[in-house]
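Asks: Could you work out the structure for the sequence below:
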Amino acid sequence: MGLCAGDPACAFCGIVSGRVPASRVYEDELVLSFMDIHPAAPGDLLVIPKMHAAGLQDIDESLMAHLFRVVHLLARALRRSGLPCEGVNVFLADGEAADQTVFHLHVHVFPRTADDRFRLEVRWQERSRAALDHDAALIRACLNRGGDRRGTS
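Replies: Residues are numbered from 1 along each chain as shown. I've put the predicted structure just below:
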């Protein structure tokens, strides 16, 4: 996994390399942020690792921590920018089932206002304590394991 000489078919690698134009907001040696060309609202930013990484499992803890420090920095700047922004959503889709459409890890940082029409259409349902404890135990058991258990039940 090197810096985005990476995947020539990846649009975000093209942005990192300069082959694809983008309105850049922030850049350092590890990450790049630019304006989303299909924004949820004006000011919608994307933050990506410069190295090609399809998803969370492809980056280490150090890079993830740095990525989210930059997300935090940008969210604060967005609130001060003068763009309509009463709140901020941070969103990451990891995998096809999560509606990831560009398979280069990216975090959306977008402004919210009380009257915007963006909604997550989810039926939030309460679960029993036994079911929650069961799920917690499954996840806890995998915390110190290496590897990736995607797609297994």
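Asks: and Leu132, what element?
Replies: For Leu132, the element it lies in under DSSP states H and E is helix 129-142.
Asks: What residues sit buried inside that helix?
Replies: Buried residues in helix 129-142, counted by 16 or more other C-beta atoms under 10 Å: none are found. Bear in mind the C-beta positions are built from the backbone N, C-alpha and C, glycine included.
Asks: Equivalent analysis for stretch 79-86, please.
Replies: Residues Cys85 are the ones in stretch 79-86 that count as buried (16+ other C-beta under 10 Å).
Asks: Can you give the contact residues for that stretch?
Replies: Contact with stretch 79-86 is made by Ala41, Pro42, Gly43, Leu78, Val88, Pro111, Arg112, Thr113, Ala114, as judged by C-beta atoms under 8 Å, 6 or more residues apart in numbering.
Asks: Now do the strands in the protein.
Replies: 24-27, 31-35, 45-49, 87-91, 107-112 (DSSP state E).
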